[in-house]
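Novice: Using only what follows, build the 3D model:
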Amino acid sequence: MKQYLNQLIEGETLTREQTHEILLGITRQAFNDSQIAALLMALQTRGVTVDELLGLRDGLLETGKHVDLDGYNTLDIVGTGGDGKNTFNISTCAAFVIAGAGYKVTKHGNGASTSVSGASTVLEGHGVRFTDDPDRLRRSLDEAGICYFHAPLFAYGMKFVGPVRRALGVPTCFNLLGPLVNPCHPKNSLHGTATQAQQRLYVRAHQKIGDNYGVVTSYDGYDEISLTSGFKLVTPHFEKMFTPKDLGLNYVEPKDIFGGQTAEDARRIFDAVLEGTAREEQKSVVLANAACGVSVMDRNLSVEDSIALCRESLESGRALAAFRRFCEINS
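Specialist: Reported below is the predicted structural model:
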C-alpha cells in the first residue's frame with residue numbers, strides 16, 4: 001500500500017491492475033483502516049479515473065458471487081446515490097413499471113445511504129426476504145418480470161471497507177461502484193449520476209465494459225430524472241438533452257418528490273404510485289425514469305414514445321401486479 005500511496009502523493013494515477021490488486025488486498029485484510037482511509041481520500045480529492053474505478057470493480061466482481069442469467073435480456077435501473085436529495089424510491093418504482101410493460105429487470109440495490117429509504121429498505125418494508133438463490137431469482141424474473149439483488153449478499157468485498165466509509169462520513173469512489181457490480185452482469189442498464197462529471201466517468205466506464213447503457217443526470221444535482229430541471233441522457237447511440245415538456249410532462253418542485261422524514265413516509269409514496277393514488281408529480285417522475293429505461297432496452301422506441309407504454313403499464317395495474325407477484329415469490 002505504501003507504494004500506491006506514494007504514487008498518489010506524487011500526482012500519479014493508478015492502473016486498473018493496481019486497483020484490482022488493492023481490492024483483493026482489502027478483502028484479504030492486508031491493509032489497516034488508516035491505509036484504506038488514506039487511499040480513499042486521495043482518490044476522492046483528486047477524482048477517481050476510469051481505470052481506477054474499473055480495477056476496483058474487477059476486484060469486487062472477482063471476490064463476489066455471480067448469478068448466471070445470460071439467457072435473459074435484462075435491464076438494471078439504479079442511481080449512484082449520494083446526491084443528498086432524499087427522494088422517494090423513484091428508480092425502484094420505475095423498475096416495476098418497466099416489468100409491467102413486459103421487459104425483464106434485474107435490479108441491484110442496497111439500503112439507504114443518504115436518504116431515508118434505499119431500494120432494500122422499501123422492499124424489506126413489504127416483507128421481502130432477500131436471497132442469493134439462483135432458482136428463486138430466476139423464478140421471480142420469469143413470473144414477476146423482475147428479480148432483486150441485495151448488494152451485501154453478492155459484493156462481499158464491500159463489507160471490508162464499510163467501517164472506514166462510515167467513519168469518514170463523506171462520499172468515496174465506493175459510492176460509484178454499486179451500480180457497476182450487478183452480480184448477473186445485465187446486458188442493459190440505466191444509471192443515474194448526480195453530476196455531469198460523474199456522467200462522463202460512467203459513460204467512459206461503460207464504453208470499456210462494452211455493455212448497452214444509458215447514463216442520465218439532472219442539471220440540478222439529482223442522480224436520476226427529477227423533472228425539477230432538464231436532464232441529459234447519454235447512450236451508445238445518442239447524447240441528448242431533454243426538458244420535461246419534451247416528454248409531455250410538467251416541471252415539478254423538489255418538495256413534490258421528497259421522500260419524507262421516515263422510511264414509512266417513503267413507502268407510502270411508493271405504494272401510492274403503484275396503486276394509482278399518488279399525486280401527478282410523483283407519478284410523472286416515475287414514468288420519466290421508466291421510459292428512459294425502456295428506450296435503452298428497445299432501440300425501436302424513443303424516450304418520448306416509451307412514456308405512453310409506461311403510463312399504460314402503471315394505469316392498467318400491470319406494474320402493481322408485477323410488484324405483488326414479486327412480493328409473493330420473495331416473502
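Novice: tell me the secondary structure for the residue sitting nearest the centre point of the chain?
Specialist: Nearest to the geometric centre of the chain sits residue 78, at 2.1 Å (C-alpha atoms, centre = their mean). Three-state call for residue 78 (DSSP: H, G, I helix; E, B strand; the rest coil): strand.
Novice: Just want to check the distance between it and residue 148.
Specialist: Look at residue 78 and residue 148: by C-beta to C-beta, to the nearest Å, they are 11 Å apart. Where you see a C-beta, it was placed from the backbone N, CA and C, and this is true even at glycine.
Novice: shared neighbours of those two, anything?
Specialist: 107-109, 119 (C-beta atoms under 8 Å, 6 or more residues apart in numbering).
Novice: Can you tell me which of these lies closest to residue 199?
Specialist: Taking C-beta to C-beta as the measure, residue 199 lies nearest residue 108 of these, at 18.9 Å.
Novice: can I assume that closest one sits in a strand?
Specialist: Yes - applying three-state DSSP, one finds residue 108 inside a strand.
Novice: So what sits opposite the residue nearest to the centre of the chain in the bridge?
Specialist: Per DSSP bridges, the residues bridged to residue 78 are residue 191.
Novice: List the residues that contact it.
Specialist: The neighbours of residue 78, taking C-beta under 8 Å, 6+ apart as the test, are 91, 107-109, 119, 178-179, 189-192.
Novice: so residue 98 sits right up against residue 310, yeah?
Specialist: Yes - counting by C-beta atoms under 8 Å, residue 98 does reach residue 310; the two are 7.2 Å apart.
Novice: Who has more neighbours out of the two?
Specialist: The neighbour comparison of residue 98 against residue 310 (other C-beta atoms under 10 Å) goes to residue 98, with 30 against 26.
Novice: buried ones in the one helix or strand the more buried one maps to?
Specialist: Element membership for residue 98, per DSSP states H and E: helix 90-100. By 16 or more other C-beta atoms under 10 Å, the buried positions in helix 90-100 come out as 90-100.
Novice: Do a quick rundown of the strands in the stretch 101-250 of the chain.
Specialist: Per DSSP state E, counting those that start in this stretch, the stretch 101-250 of the chain carries strands over the ranges 104-109, 146-150, 188-192, 212-218, 231-234, 239-242.
Novice: could those be laid out in JSON lines, adding distance to residue 202, mean neighbour count and mean pLDDT?
Specialist: Output for those, formatted as JSON lines (distance: least, C-beta to C-beta, whole Å; neighbours: other C-beta atoms under 10 Å; pLDDT from 0 to 100):
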{"stretch": "strand 104-109", "distance to residue 202": "15", "mean neighbour count": "25", "mean pLDDT": "96"}
{"stretch": "strand 146-150", "distance to residue 202": "19", "mean neighbour count": "25", "mean pLDDT": "97"}
{"stretch": "strand 188-192", "distance to residue 202": "6", "mean neighbour count": "27", "mean pLDDT": "97"}
{"stretch": "strand 212-218", "distance to residue 202": "5", "mean neighbour count": "24", "mean pLDDT": "97"}
{"stretch": "strand 231-234", "distance to residue 202": "8", "mean neighbour count": "21", "mean pLDDT": "97"}
{"stretch": "strand 239-242", "distance to residue 202": "13", "mean neighbour count": "14", "mean pLDDT": "96"}
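Novice: how about those, which one is nearest residue 269?
Specialist: strand 104-109 (17.0 Å).
Novice: what's stretch 4-20 in contact with?
Specialist: Outside stretch 4-20, the residues that reach it (C-beta under 8 Å, 6+ apart) are 22, 35, 38-39, 42-43, 46, 49, 51-56, 58-59, 62.
Novice: again, only this time at 6 Å
Specialist: With C-beta atoms under 6 Å, 6 or more residues apart in numbering as the test, stretch 4-20 has contacts from 38, 42, 49, 51-52, 54-56, 58-59.
Novice: cool, stretch 291-299 as well?
Specialist: 75, 77, 98, 103, 188, 190, 214, 233, 301-303, 306-307, 310.
Novice: Alpha carbons only: can I get it in CSV?
Specialist: In CSV, the C-alpha atoms belonging to stretch 291-299 read as follows (Å, rounded to 0.1, in the frame of the first residue of the first chain):
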residue,chain,number,x,y,z
ALA,A,291,-39.4,5.5,-20.1
CYS,A,292,-35.7,6.1,-20.4
GLY,A,293,-35.1,2.6,-19.2
VAL,A,294,-37.4,1.1,-21.8
SER,A,295,-35.8,3.2,-24.6
VAL,A,296,-32.3,2.0,-23.6
MET,A,297,-33.5,-1.6,-23.9
ASP,A,298,-35.6,-1.1,-27.0
ARG,A,299,-33.9,1.0,-29.7
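Novice: Lovely, talk soon.
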